[in-house]
Structures are given as structure tokens and as C-alpha cells.
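Enquirer: Could you work out the structure for the sequence below:
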Amino acid sequence: MDEATKERIASSTKGFDFVLHDLCLNEDWNEVSSCVKIFETTAKVPRTGDLPLHLALSKGCPVESVASSLIVAYPESTSIPSSHNQYPLLLAMGAENSKDMYSIDFLKSLINRESTRGLSTFGESALMTAITKEFPVSLISALLTANPGACKEADEMDNLPIHEAVEKGNKEVVKIVYEAYPEAAAI
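Expert: Numbers count the residues shown, from 1 in each chain. Have a look, this model is predicted:
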């Protein structure tokens with residue numbers, strides 16, 4: 001890295017200890033992309049409980065490749081909750097324009113045993129969030145495969161995923177959620 005780049009980064013961050021964190025907080029996505037390999041070790045260090053991936057996704061990072069590069073630098077980060085107990089999967093799905101910003105393949109790459117068991121800030125499981133935000137059936141199916149028990153988890157309003165699926169009206173989603181937990185039809 002040349003001196004001009006180092007100086008530019010140092011002036012926009014609080015030094016080099018948490019450079020990726022600072023760049024994510026500043027929403028400087030181009031710099032994150034260019035620095036992630038150089039400062040790869042900082043992708044693994046939590047700062048006030050958050051990894052750079054948490055910060056990028058919570059800021060609604062509109063560049064999927066930035067988030068992907070942070071995951072490549074620290075693959076285990078997809079299984080680690082943020083300081084607000086949010087897993088990267090829920091942070092990505094919770095972004096305002098998440099359906100437009102992130103590909104289904106990217107979201108599927110965030111699915112793991114831990115991430116499907118977390119709750120959003122609204123008390124929703126990843127499955128409930130996917131149904132509520134009307135994500136494609138393929139993502140909902142992947143979430144059910146990773147955590148079949150999620151179809152039995154009510155949100156803070158005591159609604160089950162089947163209730164939300166019926167409300168949204170997607171017959172395919174209703175079918176797969178019903179098949180995963182047919183007893184819910186009586187609840």
C-alpha cells in the first residue's frame with residue numbers, strides 16, 4: 001500500500017487497529033473492498049461486540065461483494081452474533097431494500113445452524129422474517145431445511161410462520177410451511 005493510500009485511510013479512520021470497522025461505520029464501501037485483504041486480521045476482531053461484517057450489514061451495505069469479501073476474510077463471522085445479538089443473516093434480511101440488494105445465493109450463504117436460531121429486533125426468526133418480507137420460496141425452503149423447528153416458533157405477537165404465510169397469500173410458502181408443521185393449522 002502506498003503512503004498516500006495509508007494517509008487517506010488513516011485520516012478517515014481512527015488508525016489501523018480497527019480500520020475495517022471504521023470504514024464500515026463511515027459507509028466507505030470502495031475503501032472496504034480495497035482494504036479487506038490488507039487488513040484481513042481486523043475482520044476477525046470485535047470492536048464493542050461487532051465485527052466489520054455486522055457493521056456493514058447493519059448499515060445496509062448496498063454492495064454484496066463488500067460483505068462477501070468480509071466473509072471470505074473471516075468465514076466464521078456468519079455464525080457470530082453482533083453486539084445486539086443479531087446474526088449476519090438477520091442483519092442482511094432486515095435491511096430496508098434487502099430483496100434488491102442481496103442475491104438469494106448470498107443470503108443462503110449466511111444460513112447456518114446458529115443464524116437460523118437467532119431473532120430479529122422484532123422478535124422474529126429468520127424464517128418469519130423471510131415470510132414477512134416475501135422472500136422467494138427457495139430461501140424459505142433453505143431456512144426450513146436448516147432449522148425445521150422454526151415453523152413452531154411464534155413471534156412476539158404469538159403468530160406462527162404458517163399464520164404469516166397465509167396472510168401473505170403465497171400458496172407455495174403456505175404449502176411448505178404447512179408440510180413442515182401441519183399441527184399449526186389447528187392453532
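
Enquirer: drop to CA atoms for contacts and neighbour counts, all remaining ones
Expert: OK.

Enquirer: Check which helix or strand residue 22 maps to.
Expert: Per DSSP states H and E, residue 22 falls inside helix 19-25.

Enquirer: Tell me the buried residues in the next helix-or-strand element following that helix?
Expert: Using DSSP H and E, the helix or strand that follows helix 19-25 towards the C-terminus is helix 29-35. Neighbour counts over helix 29-35 (16 or more other CA atoms under 10 Å) mark 29, 31-33, 35 as buried.

Enquirer: Let me know the closest of those to residue 63.
Expert: When those are compared for distance to residue 63 (CA to CA), residue 29 wins out at 7.3 Å.

Enquirer: how about the nearest residue to residue 130 once chain neighbours are set aside, secondary structure?
Expert: In space, residue 130 comes closest to residue 140 once its chain neighbours are excluded; the distance is 6.3 Å by CA to CA, 6 or more residues apart in numbering. Judged by DSSP: H, G, I helix; E, B strand; the rest coil, the three-state class of residue 140 is helix.

Enquirer: who touches residue 140 in this structure?
Expert: Applying CA atoms under 8 Å, 6 or more residues apart in numbering to residue 140 gives the contacts 127, 130-131, 173.

Enquirer: So which of those residues are in helices?
Expert: Counting by DSSP state H, the part of these found in helices is 127, 130-131, 173.
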